[in-house]
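1. What follows is a predicted protein model with its sequence.
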Amino acid sequence: MKDTVISEDIIYIGADDHDIGLFESQYDVPNGISYNSYLIKDEKNVVMDTIDSRKTDEWISNLEKALAGAKVDYLVVSHLEPDHAYNIKLLADKFPEMKLIGNAKTFNMLPQFFDIDLTDRKVVVSEGEEINIGKHTLQFFMAPMVHWPEVMVTYEKSEKILFPADGFGKFGTLDTEEDWTCEARRYYFNIVGKYGMQVQALLKKAATLDIKMICPLHGPILKDNLEYYINKYDVWSSYKPEDDGVFIACASIHGNTMNVAKKMEEILNEKGAKKVVVTDLARDDMAEAIEDAFRYDKVILAASSYNGEVFPPMQEFLNHLKGKNYQNRKVGIIENGSWAPSAAKCMKSTLEGMKNITISENVVTIKSTMKDEDISKLENLATDILSK
């Protein structure tokens with residue numbers, strides 16, 4: 001994934017961050033993150049976005065080396081989130097004749113972050129507008145709410161390269177050897193997932209372009225088999241299940257509910273489930289749990305009752321799903337309660353606010369610990385969940 005060679009005229013100037021603990025102060029990134037930025041060298045030199053403050057010095061060094069004494073004529077601002085835009089003022093001060101390219105929303109929002117005199121320095125572009133910089137021509141397409149309102153993507157027409165802002169990004173540094181799909185999926189659903197309709201609109205625009213390479217703001221440059229990546233985004237943004245399987249999300253206090261979840265895993269496997277995945281919501285990565293909930297077509301929620309409601313890790317999980325427009329899934333419910341089971345009612349209440357969620361009528365209630373007579377209830381739920 002470290003292949004950052006683009007072309008003779010388009011140079012990668014981004015940086016890897018191995019030291020970051022939580023991306024956006026919430027997502028665990030054990031393999032770090034890359035902040036991507038690009039320089040297009042032509043009659044006019046163009047920088048495609050800046051990067052995060054954490055790697056400013058490395059970015060400036062990369063830029064100066066690539067420029068080899070030349071100046072920057074334009075900065076394209078695809079997205080104003082600080083991990084891409086932190087160094088806008090620094091670059092504007094370093095190159096006082098440089099102009100900034102953005103859309104109307106970009107320049108409405110930019111003063112919230114920086115105090116820059118934009119007199120005679122801003123170039124406002126609209127849908128489909130082009131700017132020629134010599135051999136290269138940049139064409140701009142608006143991508144509002146993917147995932148901020150000012151986002152736009154850029155298509156370089158001569159080399160047929162798409163600069164999709166946060167689209168097609170993934171967690172992990174460029175020098176990390178790992179599967180693209182898993183961390184791109186976790187990235188997509190947790191950061192962009194709410195805005196599937198807007199991503200679909202952008203994909204329709206992209207379908208009109210002859211794209212030979214994709215240069216995102218996070219993650220590897222995509223050069224081969226682009227249909228695979230585009231298809232993944234189409235599936236994810238249309239909220240279609242990606243795989244046939246059952247995701248069991250469990251929120252257990254003392255371990256008894258987890259014992260039930262593991263028994264349900266065993267039953268599902270015996271009944272021929274293609275894939276069963278169990279997650280401990282109280283201990284495992286919440287972002288990965290959200291990823292798996294979107295990945296599989298069937299979900300079983302197993303949770304303990306708590307304070308007349310549901311154990312908080314389950315409620316947190318459901319709130320995340322609701323906020324990300326979770327839909328089009330079949331869901332089973334298992335609750336545990338020693339004297340007044342309340343988890344099922346709470347889980348149903350949140351699920352009923354989601355779109356196209358089919359809740360199995362075979363709700364299983366466990367009283368403290370699983371008994372032999374509970375096994376048949378779990379089998380009935382498994383049969384219902386696996387039925388077409």
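-> Alright, I've got the coordinates. If you're wondering where the values come from, they're calculated on a predicted model, not measured in any experiment.

2. in the stretch 101-250 of the chain, which ranges drop under the pLDDT threshold?
-> Within the stretch 101-250 of the chain, not a single segment meets pLDDT under 70.

3. Okay, strands next: where are they in it?
-> 122-124, 130-132, 137-142, 152-156, 161-163, 213-214, 243-251 (DSSP state E, counting those that start in this stretch).

4. Turn those strands into TSV, columns for mean neighbour count.
-> Placement of C-beta: from N, CA and C, glycine included. Putting those into TSV (neighbours: other C-beta atoms under 10 Å) gives the following:
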stretch	mean neighbour count
strand 122-124	15
strand 130-132	14
strand 137-142	20
strand 152-156	24
strand 161-163	24
strand 213-214	20
strand 243-251	23
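
5. got JSON lines for these, with distance to Asp224 too?
-> Listed next are the strands of the stretch 101-250 of the chain as JSON lines, based on distance: least, C-beta to C-beta, whole Å:
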{"stretch": "strand 122-124", "distance to Asp224": "33"}
{"stretch": "strand 130-132", "distance to Asp224": "27"}
{"stretch": "strand 137-142", "distance to Asp224": "23"}
{"stretch": "strand 152-156", "distance to Asp224": "18"}
{"stretch": "strand 161-163", "distance to Asp224": "14"}
{"stretch": "strand 213-214", "distance to Asp224": "9"}
{"stretch": "strand 243-251", "distance to Asp224": "23"}
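
6. of all the ones you listed, which lies closest to Leu321?
-> Closest to Leu321 of the strands of the stretch 101-250 of the chain is strand 243-251 (C-beta to C-beta; 9.4 Å).

7. out of the strands of the stretch 101-250 of the chain, which comes closest to Tyr27?
-> The nearest among those, by C-beta to C-beta, is strand 243-251 at 18.0 Å.

8. next SSE after that closest one?
-> helix 256-270 (DSSP states H and E).

9. Next, the buried residues of that following helix.
-> 256-265, 267-268 (16 or more other C-beta atoms under 10 Å).

10. ok, residues contacting it?
-> 246, 248, 250-252, 276, 278, 280, 300, 302-304, 334, 336, 364, 366, 368-370, 374-375, 378-379, 381-382, 385-386 (C-beta atoms under 8 Å, 6 or more residues apart in numbering).

11. Restricted to buried residues, select these in PyMOL.
-> Of these, the buried ones can be selected in PyMOL as follows, counting by 16+ other C-beta under 10 Å:
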select buried, resi 246+248+250+251+252+276+278+280+300+302+303+304+334+336+364+366+370+374+378+379+381+382+385+386
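
12. what's the closest of the buried residues of helix 256-270 to Tyr233?
-> Leu268 (29.5 Å).

13. what domains does the record give for the chain?
-> 10-237, 243-386 (automatic domain parsing).

14. so how far does the last one reach from one end to the other?
-> The one in question is domain 243-386. In domain 243-386, first residue to last residue: 13 Å (C-alpha to C-alpha, to the nearest Å).
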